[in-house]
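Colleague: what would the 3D arrangement of this be:
(one chain, ligands or ions: 1)
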Amino acid sequence: MNDTLTGVAELRIEGLGAAGDGVAHLDGQTVFIPGTLPGEDIRVRLAPAHPELIDIVHASPDRVTPPCDLFGECGGCALQHLSLPALLDWKAQRVTQALTAAGFTDLPPARMFQTTPKTRRRMDFAVQRVPGGVIIGLHRRNGDPVDMTECHVLHPAIFGLLAPLREVLGSLGALTGRGSLMVNLLDSGPDLTLQTPAPLTSADRLKLAAFAREHDLSRISWQDPKDLGIETVAQSGPVREDFGGVIVSPPPSAFLQATADAEKAIVTAVVDGLPSLNKKDVTVELFAGCGTLTFPMSEKGRVMAYEGNLGAANCLKAASGGRRVDGFHRDLGRQPLLPHDLKSTRAVVLDPPYAGAGAQTMPLAKSAVPDIVYVSCNPAALEKDGKALWNAGFSVIGLTIVDQFLWSTEVEAVVVLSRDVKRIRRENSRRSRNDLSRSDS
Ligand SMILES: C[S@@+](CC[C@H](N)C(=O)[O-])C[C@H]1O[C@@H](n2cnc3c(N)ncnc32)[C@H](O)[C@@H]1O
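Modeller: Reported below is the predicted structural model:
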């Protein structure tokens with residue numbers, strides 16, 4: 001907001017910004033007002049940097065009472081005042097706007113999936129020693145973490161650990177100030193990676209091992225904040241996660257899709273989005289992690305999977321034996337696959353990090369690969385990478401929107417792209433038949 005706007009104003013909220021704040025315009029300037037929704041008429045006190053909502057004169061029909069008492073304080077949720085169906089629609093719009101801005105027209109109707117509350121199985125907490133105890137929670141938008149005494153997002157198996165964790169962390173000599181705690185809820189149980197400012201003492205290690213036994217944890221690891229090296233402090237048995245019937249052993253704080261049901265929706269959309277494959281056809285997977293998509297995809301044909309994190313790549317490789325999967329450790333930012341590496345590749349599946357595919361995008365666009373499935377977790381990166389693929393002649397023939405970060409602004413999308421004229425024609429006529437049968441019924 002421009003500092004020149006002051007006083008009280010009545011505004012109409014025109015849309016939501018990328019951070020979930022209501023957006024209005026006044027005197028040619030854009031004003032962001034947290035807690036407001038599109039279509040609402042509001043009164044606001046305009047102050048430099050932080051406009052203050054006075055009241056909502058006319059509320060949106062999509063406005064609901066936020067379920068969590070910490071909403072507005074805790075930095076985890078931005079849009080609990082918006083109904084879940086409207087939230088999903090808004091997230092879908094963000095993706096379709098990104099694809100349209102990239103150049104794609106005539107987008108297919110999107111399949112939509114929204115996860116259910118209290119199913120989040122992966123969380124990166126801030127941990128902080130304060131007078132009288134320990135806070136475990138998420139940061140405010142700007143500032144200290146808020147103790148997570150309530151949460152409608154977290155799986156109960158993780159939320160239930162927070163109270164005993166506050167006690168055990170409070171007793172550790174190593175937690176002298178701020179730290180962090182990553183929790184992955186795996187099939188073998190909760191997998192915790194703790195970072196503390198000081199190294200763990202022998203007494204700390206004994207306390208954590210006892211805690212792991214008492215709470216059936218799969219593993220506790222400690223990460224050195226200086227060199228990020230990780231060591232195991234306690235482990236109850238094999239660390240396990242099932243990806244499409246294949247058991248993998250993820251390293252500490254491995255990437256995992258945020259909820260199990262969203263993982264299923266993403267896997268289904270990716271596998272369905274692959275073209276028909278012959279036995280000899282090779283699919284190349286980029287940014288493969290520990291193999292969430294790899295092993296289900298290998299049911300359809302051979303997969304060559306590339307991953308830049310050494311622990312994840314080793315995990316994938318270790319589970320590949322006897323399957324149609326070849327795993328490779330490769331930094332695709334420094335050493336992207338080039339067009340000639342992709343010469344005999346039938347399809348590419350990529351699930352890049354938040355920043356997008358980076359240096360891998362142009363070689364992919366310049367290759368002769370006819371079919372791509374792009375899993376996106378950031379509409380802005382999708383727009384940037386999508387532009388290169390649109391310029392290279394791709395069309396979007398399938399789209400699935402996945403909301404697995406409930407009440408946040410995050411959105412995932414599985415975008416099926418092709419420049420195989422026959423496949424595009426087949427998809428278009430299938431769509432026309434569906435449209436016809438819908439209009440007949
Ligand atoms: C969004 S995750 C997807 C992982 C996997 N597809 C899944 O669903 O579990 C992105 C993956 O890209 C990997 N990655 C990030 N930067 C990379 C790079 N420069 N080269 C190769 N892999 C990278 C990360 O380690 C992470 O495993």
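Colleague: how about the contacts made by the residue in the stretch 301-441 of the chain positioned nearest to the ligand?
Modeller: Relative to the ligand, the nearest point of the stretch 301-441 of the chain is Gly308 (2.5 Å; CB to the nearest ligand atom). (C-beta placed from N, C-alpha, C; glycine too.) With contact taken as CB atoms under 8 Å, 6 or more residues apart in numbering, Gly308 is in contact with Phe287, His329, Arg330, Asp331, Leu332, Gly333.
Colleague: what does His155 give?
Modeller: So His155 contacts Lys118, Thr119, Arg120, Arg121, Leu185 (CB under 8 Å, 6+ apart).
Colleague: can you count the residues close to the closest residue to Thr409 other than its chain neighbours?
Modeller: Distances taken as CB to CB, 6 or more residues apart in numbering place Gly20 nearest to Thr409, at 4.7 Å, with adjacent residues excluded. By the measure other CB atoms under 10 Å, the count of residues near Gly20 is 21.
Colleague: okay, Gly20: pLDDT?
Modeller: The model reports Gly20 with a pLDDT of 94.
Colleague: now swap in Phe328 and tell me
Modeller: pLDDT, read off for Phe328, is 98.
Colleague: which neighbouring elements make contact with the helix or strand encompassing it?
Modeller: For Phe328, the host element (DSSP states H and E) is strand 325-329. Judged by 3 or more CB pairs under 8 Å, 6 or more residues apart in numbering; DSSP states H and E, the packing partners of strand 325-329 are helix 294-297, strand 302-307, helix 310-318.
Colleague: kindly recompute the last result at 6 Å.
Modeller: Using 3 or more CB pairs under 6 Å, 6 or more residues apart in numbering; DSSP states H and E, the elements in contact with strand 325-329 are strand 302-307, helix 310-318.
Colleague: skipping its backbone neighbours, what lies nearest Ala305 in space?
Modeller: Closest residue in space to Ala305, ignoring its immediate chain neighbours: Ala288 at 3.8 Å, by CB to CB, 6+ apart.
Colleague: residue contacts, that neighbour?
Modeller: Ala288 is in contact with Thr294, Ala305, Glu307, counting by CB atoms under 6 Å, 6 or more residues apart in numbering.
Colleague: and the second one, how far from Ala413?
Modeller: Translated: Ala305. Going from Ala305 to Ala413 by CB to CB, to the nearest Å gives 21 Å.
Colleague: and if you look at the last one?
Modeller: Relative to Ala413, Glu307 is positioned 21 Å away (criterion: CB to CB).
Colleague: check the first one too.
Modeller: Counting by CB to CB, the gap between Thr294 and Ala413 amounts to 20 Å.
Colleague: these two: who's more crowded?
Modeller: Thr294 (29 against 25).
Colleague: ok, back up a step: tilt between the very next helix or strand once past the strand holding Phe328 and strand 302-307?
Modeller: Toward the C-terminal end, the helix or strand that comes next after strand 325-329 (DSSP H and E) is strand 345-350. Angle, strand 345-350 to strand 302-307, by axes from the mean of the first three to the mean of the last three CA atoms, to 10 degrees: 40 degrees.
Colleague: which residues touch Val284?
Modeller: Val284 neighbours (CB under 6 Å, 6+ apart): Met304, Thr345, Val348.
Colleague: partners of the first one in the sheet?
Modeller: Same thing as Met304. Applying DSSP bridges to Met304 gives these bridge partners: Val284, Asp326.
Colleague: how many other residues sit next to it?
Modeller: When neighbours are counted by other CB under 10 Å, Met304 comes out with 21.
Colleague: retrieve the pLDDT associated with it.
Modeller: Looking at Met304, the pLDDT reads 98.
Colleague: for Val248, see how far away it is.
Modeller: Applying CB to CB to Met304 and Val248 gives a distance of 17 Å.
Colleague: not counting sequence-adjacent ones, nearest residue to Lys91?
Modeller: Counting by CB to CB, 6+ apart, the residue nearest Lys91 is Val411, at 3.8 Å.
Colleague: count of residues packed around the one you found?
Modeller: Neighbour tally, Val411, other CB under 10 Å: 24.
Colleague: swap in Leu161?
Modeller: Leu161, neighbours per other CB under 10 Å, totals 21.
Colleague: so it: helix, strand or coil?
Modeller: Following DSSP: H, G, I helix; E, B strand; the rest coil, Leu161 is assigned to helix.
Colleague: can you give me the strands for the stretch 1-150 of the chain?
Modeller: In the stretch 1-150 of the chain, the strands defined using DSSP state E, counting those that start in this stretch lie at 7-12, 15-16, 22-26, 29-33, 41-46, 52-58, 111-114, 122-130, 133-139, 145-147.
Colleague: quick one: closest of the ones you listed to Gly322.
Modeller: strand 122-130 (28.7 Å; CB to CB).
Colleague: can you give the strand pairings for that closest one, parallel or anti for each?
Modeller: strand 133-139 (antiparallel), strand 178-186 (antiparallel).
Colleague: touching the ligand at all, it?
Modeller: No: Strand 122-130 lies out of reach of the ligand by CB under 6 Å from any ligand atom, never closer than 10.4 Å.
Colleague: check which residues of the helix or strand bottoming out on mean pLDDT in the chain are buried.
Modeller: Within the chain, no helix or strand scores below helix 421-440, which has a mean of 86 by mean pLDDT, DSSP states H and E. Neighbour-count burial for helix 421-440 flags Arg423, Ile424, Glu427 (criterion: 16 or more other CB atoms under 10 Å).
Colleague: which non-adjacent residue is nearest the last one?
Modeller: Using CB to CB, 6+ apart and skipping the chain neighbours, the partner closest in space to Glu427 is Ile397 (4.3 Å).
Colleague: near the ligand, which residues of the stretch 251-400 of the chain?
Modeller: Counting by CB under 6 Å from any ligand atom, the residues of the stretch 251-400 of the chain near the ligand are 255, 257, 287-289, 292-293, 307-309, 312, 331-333, 351, 353, 377.
Colleague: of those, buried ones?
Modeller: Among these, those buried by neighbour count (16+ other CB under 10 Å) are 255, 257, 287-289, 292-293, 307-309, 312, 332, 351, 377.
Colleague: His50: which of those residues is nearest?
Modeller: Cys377 (29.1 Å).
Colleague: contacts only, for that closest one.
Modeller: Tyr354, Glu412.
Colleague: what's the distance between it and Leu169?
Modeller: Cys377 is 30 Å from Leu169, by CB to CB.
Colleague: which residues of the stretch 51-200 of the chain fall in helices?
Modeller: For the stretch 51-200 of the chain, the helices defined by DSSP state H, counting those that start in this stretch occupy 84-102, 156-170.
Colleague: buried stuff in the last one?
Modeller: Judged by neighbour count using 16+ other CB under 10 Å, the buried positions of helix 156-170 are Ile158, Phe159, Leu161, Leu162, Leu165, Arg166, Val168, Leu169.
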